[in-house]
Every structure is written in C-alpha cells, then in structure tokens.
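Enquirer: sequence and computational prediction follow.
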Amino acid sequence: QVQLVESGGGLVQAGGSLRLSCAASGRAFSSYFMGWFRQAPGKEREFVAFVSWSGGRTSYADSVKGRFTISRDNAENTVFLQMNSLKPEDTAVYYCAADSVGGTHRINFRYWGQGTQVTVSS
C-alpha cells in the first residue's frame, strides 16, 4: 500500500512555472513507477508523465513534451513535476499515481493522491 500527497499547485500567469511534489509513504517507493495525470473540468483524467522506479525511463504526453519534466528522489520518497511555459490549457487538478508497472492509462496505476489544483491565467 502506498499513500500519496501532492503539493505545489497554485495560480500562475501564462508563461510561468510551477513545481509539483508528491510525497509517498508506505512500502517500497523505489520499486514503483510514478505518474502524473490531470483532469480539467468536464474532461476525462489524462496522462501527463511517468517515471520508472530508477528514474531512467520517462514518458510524456505530447501536449507537455519539452515543457514539463518528471523526476524522483527515492531517498526522499518524492516525485516531482517541473512545469515550465505554462498555458491556460494546462489548468487542471493534477494527480500523482503509483504502481509496480507504469503506463499511460489510468488503469495502469492503483494508487492515487487527492490532487492539487493548477490554474494558469491568460
């Protein structure tokens, strides 16, 4: 079992940056793939990025590629999402997720945080 708590969301102007954090508690954090998803009002939850257990493999949605960077610190049981060049369409609740095998779909992750709101003003 893994418990996940996101932080770092907020209001930012277009072109700005935010860094999201997800603190994990529970067993074997370093053996889990970690992912970030987001859900805008009236839309389905969508994949943003994932990172493998070692940090050696990452994957990004096309919409954020080149602007967002996912990373992890296994010593601190934390995963990060650095978001640069933010756009109004990035506005959403951002969720951290974990599982032993990663992927780009919600079904690939069993454990979820409560989410943190990111709002980008134009």
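Expert: Cool, the structure landed.

Enquirer: list the contacts of Gly103.
Expert: Shown in contact with Gly103 (CB atoms under 8 Å, 6 or more residues apart in numbering): Phe33, Gly35, Phe50, Phe109. All C-beta spots, glycine's among them, are computed from the backbone N, C-alpha and C.

Enquirer: look up how far Ser30 lies from Val51.
Expert: As judged by CB to CB, to the nearest Å, Val51 and Ser30 stand 12 Å apart.

Enquirer: quick one on the thing from earlier: okay, the contacts of Gly103 in CSV with neighbour count next?
Expert: As requested, these are exported to CSV (neighbours: other CB atoms under 10 Å):
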residue, neighbour count
Phe33, 21
Gly35, 29
Phe50, 25
Phe109, 24
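
Enquirer: now intersect those residues with the strands, please.
Expert: Phe33, Gly35, Phe50 (DSSP state E).

Enquirer: centroid residue for this protein?
Expert: Centroid-nearest residue in the chain, with CA atoms, centre = their mean: Trp36, separated by 2.4 Å.

Enquirer: from Gly113, how far off is that one?
Expert: Look at Trp36 and Gly113: by CB to CB, they are 10 Å apart.

Enquirer: list the buried residues of stretch 55-63.
Expert: Ser59, Tyr60, Ala61 (16 or more other CB atoms under 10 Å).

Enquirer: just stretch 88-102 next, same as before
Expert: Within stretch 88-102, the residues scored as buried using 16+ other CB under 10 Å are Asp90, Thr91, Ala92, Val93, Tyr94, Tyr95, Cys96, Ala97, Ala98, Asp99, Gly102.
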